[in-house]
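# Predicted model and sequence below, questions to follow.
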Amino acid sequence: MIKIKENELYQELHLYDGDIKIGEAEVDIKGKMLSRLSIFEPYQNKGYGTKIVKQLTEQYGLDCLWVNADNERAIHVYEKCGYKIQKPTMYLMEVINERTD
């Protein structure tokens, strides 16, 4: 069973399996958003991500999150938990300096 120890001041969650810390997460309780999830490498691909996302979604009533478009592993986990990709609302923009000598 996964225990969650919460630091309410920062809404930062320390994720444990028994006494072993397996990752960290951050929840925006007011915005009902999972703002960060990190499963430590030795514990990846063992089902923890799916269990944690489901538990946090239920426990906090989460209904949204942000994920990098190139993070296929995380997108797969979130989709298994019922999240769907929506229309992008933010774009990465860079200044491209072209020389006109």
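Done, it's in.

# contacting residues around the residue nearest the centre of the chain?
Geometric centre of the chain, nearest residue: residue 37, 3.5 Å, by CA atoms, centre = their mean. For residue 37, the contacting residues are 23-26, 49, 52-53, 65, 74, by CB atoms under 8 Å, 6 or more residues apart in numbering. In short, each C-beta sits where N, CA and C put it, glycine included.

# ok, now with 10 Å
Residues near residue 37 by CB atoms under 10 Å, 6 or more residues apart in numbering: 13, 15, 23-27, 48-49, 52-53, 56, 65, 67, 74, 77-78.

# Repeat that for residue 88.
Per CB under 10 Å, 6+ apart, neighbours of residue 88: residue 69.

# State the distance from it to residue 67.
Using CB to CB, to the nearest Å, one gets 12 Å for the distance from residue 88 to residue 67.

# same check, this time on residue 43
19 Å.

# biggest helix in the protein by residues?
Ordering each helix of the chain by length in residues (DSSP state H) puts helix 48-60 first.

# Only the C-alpha atoms, please, for it, written as CSV.
C-alpha atoms of helix 48-60 as CSV (Å, rounded to 0.1, in the frame of the first residue of the first chain):
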residue,chain,number,x,y,z
TYR,A,48,3.6,3.0,-8.8
GLY,A,49,2.9,6.0,-11.1
THR,A,50,-0.5,4.6,-12.1
LYS,A,51,-1.4,3.8,-8.5
ILE,A,52,-0.3,7.2,-7.2
VAL,A,53,-2.1,9.2,-10.0
LYS,A,54,-5.3,7.3,-9.3
GLN,A,55,-5.0,7.8,-5.5
LEU,A,56,-4.2,11.5,-5.8
THR,A,57,-6.9,12.1,-8.3
GLU,A,58,-9.5,10.5,-6.0
GLN,A,59,-8.1,11.9,-2.7
TYR,A,60,-7.8,15.5,-3.9
